[in-house]
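>>> kindly generate the corresponding structure for this input.
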Amino acid sequence: MSGCRPAARSGPAPRPRPAAAGARRPGPGLAVELGSARTRVWAPGRGAVLDVPTVAFPAGGGVSYPVRRGAVVDPEGAARMLHRLLGHRIPPGARPLIVLAVPVLGGVEHRAAALTALRVLRPRRVLTVPAARAAALGAAADLSGPLLVVDVGAHLTEVALLTGGAVVNAYRALLGTADLDAGTTPDDLADAAADMVTDMFRADRTPRSAEALRRGILLTGGGALRPETAAGLGARLRAPVRAAPAPHTAAVRGAATTLVPDARNTPDTPDALNAPDAPDALHAPDAPDAPHAPNASDIPDVPEP
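Numbering: from 1, shown residues only. Presented below is the predicted three-dimensional model:
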């Protein structure tokens with residue numbers, strides 16, 4: 001009959017179709033920093049997830065330290081630690097995207113060991129970002145010009161020159177705040193950092209280092225919490241030095257910003273991690289258990305296991 005509407009279907013609404021067997025949920029994004037003294041995990045929108053000492057507990061008892069001088073020396077111990085601290089926080093079936101802040105000069109071995117440890121979290125993909133660059137992002141530093149970052153950690157001090165947000169030169173010293181209890185003085189730390197900046201300045205045949213010094217040094221890491229570090233470094237280099245806000249967490253916070261691309265600040269986007277076709281690189285469904293790791297341009301690629 002003209003103008004009549006079909007009768008409404010009676011009965012319960014249809015139930016949603018169950019997910020296919022074996023389907024994996026995308027899982028959260030996590031920024032991770034495996035430091036010599038502390039392990040930190042940050043999640044966009046949630047903030048700090050973990051900030052704990054980097055210690056593992058072997059099956060035979062006792063305590064072990066899986067990260068030393070910025071390098072993962074015991075991947076199995078680091079994996080046990082991560083599983084104990086994070087395993088229950090990741091929903092069953094989820095495959096998190098992980099951005100790992102790594103020492104600029106950590107090398108292939110360090111990154112391969114770190115990826116081995118992270119595999120216990122079953123990530124769908126792992127991206128790496130140099131810690132100095134991550135710290136600059138976490139400090140919301142102006143990356144429009146050359147920037148010198150001095151990262152003073154517990155067991156490692158790195159000096160990095162950034163241009164356009166990318167690391168173009170770096171030096172490191174196996175010295176940090178934990179050595180202050182073993183005869184090292186704050187002056188020794190300032191001397192080591194100043195010597196590396198001076199060496200970089202003398203070796204640079206471009207004006208980038210000089211311009212970065214004029215703009216001022218960004219001081220990050222736990223050593224930046226000590227006022228004498230900035231004062232000593234500034235006096236030796238006769239250059240302005242400013243500590244990043246919450247400098248001890250700047251690297252992991254900066255790594256977390258790469259999980260949330262922001263068109264207003266291009267270094268925060270995944271392209272900054274040298275991941276072509278960024279949206280695809282950040283959403284790789286059904287990745288193999290051994291994660292592939294696209295890396296920043298100044299760090300060599302790690303072959304898949």
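>>> V167: neighbour count?
Around V167 sit 23 other residues, with neighbours defined as other C-beta atoms under 10 Å. Glycine gets a C-beta too; all of them are placed from N, C-alpha and C.
>>> show me what the helix or strand encompassing it is packed up against.
In this assignment (DSSP states H and E), V167 forms part of strand 166-173. With contacts defined as 3 or more C-beta pairs under 8 Å, 6 or more residues apart in numbering; DSSP states H and E, the secondary structure elements packing on strand 166-173 are helix 131-138, strand 157-163, helix 186-203.
>>> buried residues in the longest one, which are they?
If I follow you right, that is helix 186-203. By neighbour count on 16 or more other C-beta atoms under 10 Å, the buried set for helix 186-203 is 186, 189-194, 196-197, 200-201.
>>> please identify which of these is nearest to D142.
Of all the buried residues of helix 186-203, the one with the least separation from D142 (C-beta to C-beta) is V197, at 18.8 Å.
>>> which pLDDT value goes with the closest one?
On pLDDT, V197 comes in at 96.
>>> next one: the one 10 residues further on
Each residue has a pLDDT score; the one for P207 is 94.
>>> just give me the neighbour total for it.
Neighbouring residues of P207 were enumerated by other C-beta under 10 Å; the total is 10.
>>> same check on the one 10 residues further on?
Applying the criterion other C-beta under 10 Å, we find 24 residues in the vicinity of I217.
>>> cool, and D181?
Burial of D181 is recorded as 7 neighbouring residues (other C-beta under 10 Å).
>>> doesn't it belong to a helix?
Yes. Secondary structure assignment (DSSP: H, G, I helix; E, B strand; the rest coil) places D181 inside a helix.
>>> mind checking how far the closest residue to D187 other than its chain neighbours is from V52?
By the measure of C-beta to C-beta, 6 or more residues apart in numbering, the closest residue to D187 outside its immediate chain neighbours is G232, 6.1 Å from it. The gap separating G232 from V52 is 30 Å, by C-beta to C-beta, to the nearest Å.
>>> what's the answer for M81, then?
Distance, M81 to V52, using C-beta to C-beta: 9 Å.
>>> and L259, which of the three is it?
Three states are possible here, and by three-state DSSP the one that applies to L259 is coil.
>>> can you count the residues close to it?
Here the number of neighbours of L259 (other C-beta under 10 Å) works out to 21.
>>> identify the residues contacting the strand holding V167?
The contact list for strand 166-173 (C-beta atoms under 8 Å, 6 or more residues apart in numbering) reads 70, 103-105, 130, 132-133, 156-162, 192-193, 196, 199-200, 203-204, 208-209, 272, 296-298.
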